[in-house]
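K.L.:
prediction below, plus the sequence it came from.
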Amino acid sequence: WRQIPSAPFRRPTLGGSAPVLVAQSPQFRRTPTRAADCRIPPDGALRAPRCSALTLLIFDCDGVLVDSEPIANEILSETLTALGRPITARECLRTQVGRSLADILRETEALVGHVLPGNVADEMNARLFARFRRELRAIEGVAEALAALPGPRCLASSSRPERIDLALSVTGLASSFQHRFSAIQVAHGKPAPDLFLLAAHEMGAAPSRAIVIEDSVAGVVAARAAGMRAIGFVGGGHATSDLAARLKAAGAEHVIAVMRDLPATISSLLSHNAEPQPVR
């Protein structure tokens, strides 16, 4: 994937221990500083926390950066129903958000009791990408929030690279993420911690120095299992009235509904020096 220029793309497999590297990113290594250096501006203005450059921020894509989940889950519902697994878009939003398409199709194959056509994913993506080009928008305020967070960051998504690239391109966010990681690079997608562990290792950050911004229960569970902190986001068009409570129950330390609140929320989180522990 072209966002990792120092080595050609290959699909690493994660076992039960350290992630397998695709390429090193030593330019992102940082020296820790005192948590007291992280302060919320007294006027509450949208600006970077002082120690944001010392903490790796890992962003999910769908539902956090781009408002894609309503579109994607309409397409997913249509596809699964046609395959013999009747499910509404509303139920998809509740149960499938944050999971990789490969995992969903494997599960569907087991439920319907037969092998699915080999072109299911390609046909689904063709319909999805056409709607992305017509309809997809960035989450309101995300560009301004990113501009206020100049430290090391990356994107780690359950989506395939081509979907991530398209989503960032049509919403004008491509230049904000030079480092992108996809679930196809690991053996197990969210809620397993593999993807976030790979992202942190590639970026030269200890998991305890990473904060994940996620809109799904699966993503928050993955972050906590990786020993990372998590901020839940419920400002996407798919967010239900109980999503904030579900993200908190999964382990999100803070939940925000608007991206304007992200820089101050990160400052607040970093002002507490305790390191997160993996959920067991």
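P.N.:
Nice, I can see it.

K.L.:
quick one, what contacts the spatially most central residue of the chain?
P.N.:
Residue closest to the average C-alpha location in the chain (CA atoms, centre = their mean): residue 60, at 1.6 Å. Applying CB atoms under 8 Å, 6 or more residues apart in numbering, we find residue 60 in contact with 98, 155-157, 212-216, 219. Using the backbone N, CA and C atoms, a C-beta is placed for each residue, glycine as well.

K.L.:
pLDDT score assigned to it?
P.N.:
Looking at residue 60, its pLDDT stands at 97.

K.L.:
and the closest residue to it other than its chain neighbours, bridged to which residues?
P.N.:
Setting aside the residues directly before and after it, residue 60 is nearest to residue 214 in space (CB to CB, 6 or more residues apart in numbering), at 4.8 Å. Beta-bridge pairing of residue 214 under DSSP bridges involves residue 232.

K.L.:
can you pull the contacts of residue 214?
P.N.:
Contacts of residue 214 (CB under 8 Å, 6+ apart): 60, 64, 98, 220, 223, 230-233, 247, 252.

K.L.:
let's go with 6 Å and repeat that
P.N.:
60, 220, 230 (CB atoms under 6 Å, 6 or more residues apart in numbering).

K.L.:
helices - which of the residues you listed land there?
P.N.:
residue 220 (DSSP state H).

K.L.:
same for the lowest-mean-pLDDT helix or strand in the chain, what does it pack against?
P.N.:
Every helix and strand of the chain was ranked by mean pLDDT, DSSP states H and E. The lowest is helix 89-95, at a mean of 88. Applying 3 or more CB pairs under 6 Å, 6 or more residues apart in numbering; DSSP states H and E, we find helix 89-95 packed against helix 69-82.

K.L.:
the helix it packs on packs against which elements?
P.N.:
By 3+ CB pairs under 6 Å, 6+ apart, helix 69-82 packs against helix 89-95, helix 120-135.

K.L.:
what about the helices in the protein?
P.N.:
69-82, 89-95, 101-112, 120-135, 142-147, 161-171, 194-202, 217-225, 243-250, 262-270.

K.L.:
quick one: distance of the shortest one to the chain centre.
P.N.:
Here helix 142-147 is found 16 Å from its chain centre; the criterion is CA atoms, centre = their mean, to the nearest Å.

K.L.:
give me the contacts around it.
P.N.:
Contacts for helix 142-147 (CB under 6 Å, 6+ apart): 65, 176, 259, 262.

K.L.:
can you put those residues in TSV and add neighbour count?
P.N.:
Shown next, in TSV, are the contacts of helix 142-147 (neighbours: other CB atoms under 10 Å):
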residue	neighbour count
65	29
176	18
259	23
262	27
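
K.L.:
between the residues you listed, which is closest to residue 270?
P.N.:
Nearest to residue 270 among those: residue 262, at 12.4 Å, using CB to CB.

K.L.:
so which of the contacts of residue 60 is the closest to residue 206?
P.N.:
residue 212 (13.7 Å).

K.L.:
give me the number of residues near the closest one?
P.N.:
27 (other CB atoms under 10 Å).

K.L.:
same deal with residue 73?
P.N.:
Residue 73 has 23 nearby residues by other CB under 10 Å.

K.L.:
tell me the contacts of it?
P.N.:
By CB under 6 Å, 6+ apart, the neighbours of residue 73 are 89, 92-93.

K.L.:
residues contacting the closest residue to it other than its chain neighbours?
P.N.:
Distances taken as CB to CB, 6+ apart place residue 92 nearest to residue 73, at 4.1 Å, with adjacent residues excluded. The contact partners of residue 92, taken as CB under 6 Å, 6+ apart, are 73, 76-77.

K.L.:
run the chain-centre distance for stretch 176-194.
P.N.:
Going by CA atoms, centre = their mean, where stretch 176-194 is centred and where its chain is centred differ by 8 Å.

K.L.:
how about it as PDB, C-alpha atoms only?
P.N.:
This file holds the C-alpha atoms of stretch 176-194, laid out as PDB (Å, rounded to 0.1, in the frame of the first residue of the first chain):
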ATOM      1  CA  SER A 176      -4.100  14.500   6.600                       C
ATOM      2  CA  PHE A 177      -3.200  10.800   6.700                       C
ATOM      3  CA  GLN A 178       0.100   9.700   5.200                       C
ATOM      4  CA  HIS A 179       0.100   6.600   7.300                       C
ATOM      5  CA  ARG A 180      -2.800   4.200   6.800                       C
ATOM      6  CA  PHE A 181      -3.400   0.700   8.000                       C
ATOM      7  CA  SER A 182      -6.100  -1.800   6.900                       C
ATOM      8  CA  ALA A 183      -7.500  -4.900   8.400                       C
ATOM      9  CA  ILE A 184      -6.200  -6.900   5.400                       C
ATOM     10  CA  GLN A 185      -2.700  -6.400   6.900                       C
ATOM     11  CA  VAL A 186      -3.500  -8.600  10.000                       C
ATOM     12  CA  ALA A 187      -4.800 -12.000  10.700                       C
ATOM     13  CA  HIS A 188      -7.600 -10.900  12.900                       C
ATOM     14  CA  GLY A 189      -9.600  -7.700  12.600                       C
ATOM     15  CA  LYS A 190     -11.400  -5.700  15.300                       C
ATOM     16  CA  PRO A 191     -12.400  -6.500  18.000                       C
ATOM     17  CA  ALA A 192      -9.000  -8.300  18.100                       C
ATOM     18  CA  PRO A 193      -6.200  -5.800  19.000                       C
ATOM     19  CA  ASP A 194      -4.000  -6.900  16.000                       C
END
